[in-house]
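S.K.: return a 3D structure for these sequence lines:
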Amino acid sequence: MKNSTKLLLLRIIHSFIIILFIISIITIYYSVFTGYNGLILLIGTSLLILEGFGLIIWRECPLSPLHRKYQDEIGFWAFYFPKKMTP
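M.R.: Take a look at the predicted model:
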């Protein structure tokens, strides 16, 4: 598999994970306003806590080393947003 194919697959996986985090945040807000307390809230909160620990341990997104390994020159967020909006 070529590096460009691996990088595309990594971006797709990373995008899926980001979507899961966004859904988790929406679930937390939903449960605050409605009083929902269920399994989906537990899973979403757990995912965000695990991501927080990953950010503390690696001091960056845990997938960033893989992006560098496959020579991702534009970075993950610059792939979706204009350069002025990304760090």
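
S.K.: kindly export stretch 51-65 (C-alpha atoms) in CSV.
M.R.: In CSV, the C-alpha atoms belonging to stretch 51-65 read as follows (Å, rounded to 0.1, in the frame of the first residue of the first chain):
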residue,chain,number,x,y,z
GLU,A,51,-9.1,11.4,24.5
GLY,A,52,-8.3,13.8,27.3
PHE,A,53,-5.9,11.4,28.8
GLY,A,54,-4.3,10.8,25.4
LEU,A,55,-3.8,14.5,24.9
ILE,A,56,-2.2,14.8,28.4
ILE,A,57,0.1,11.8,27.8
TRP,A,58,1.2,12.6,24.3
ARG,A,59,0.8,16.4,24.5
GLU,A,60,-0.9,16.3,21.1
CYS,A,61,-3.5,14.2,19.3
PRO,A,62,-2.5,10.5,19.6
LEU,A,63,-2.8,10.1,15.8
SER,A,64,-0.4,13.0,15.0
PRO,A,65,2.7,10.7,15.0
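
S.K.: residues of it that come out buried?
M.R.: By neighbour count with 16 or more other Cβ atoms under 10 Å, stretch 51-65 contains the buried residues Glu51, Cys61, Leu63. Bear in mind the C-beta positions are built from the backbone N, C-alpha and C, glycine included.

S.K.: among these, which ones are in helices?
M.R.: Among these, the members found in helices (DSSP state H) are Glu51.

S.K.: can I get the buried residues of stretch 51-65 in a markdown table with distance to Gly44 and pLDDT?
M.R.: Below are the buried residues of stretch 51-65 laid out as a markdown table (distance: Cβ to Cβ, whole Å; pLDDT from 0 to 100):
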| residue | distance to Gly44 | pLDDT |
| --- | --- | --- |
| Glu51 | 11 | 90 |
| Cys61 | 18 | 81 |
| Leu63 | 19 | 81 |
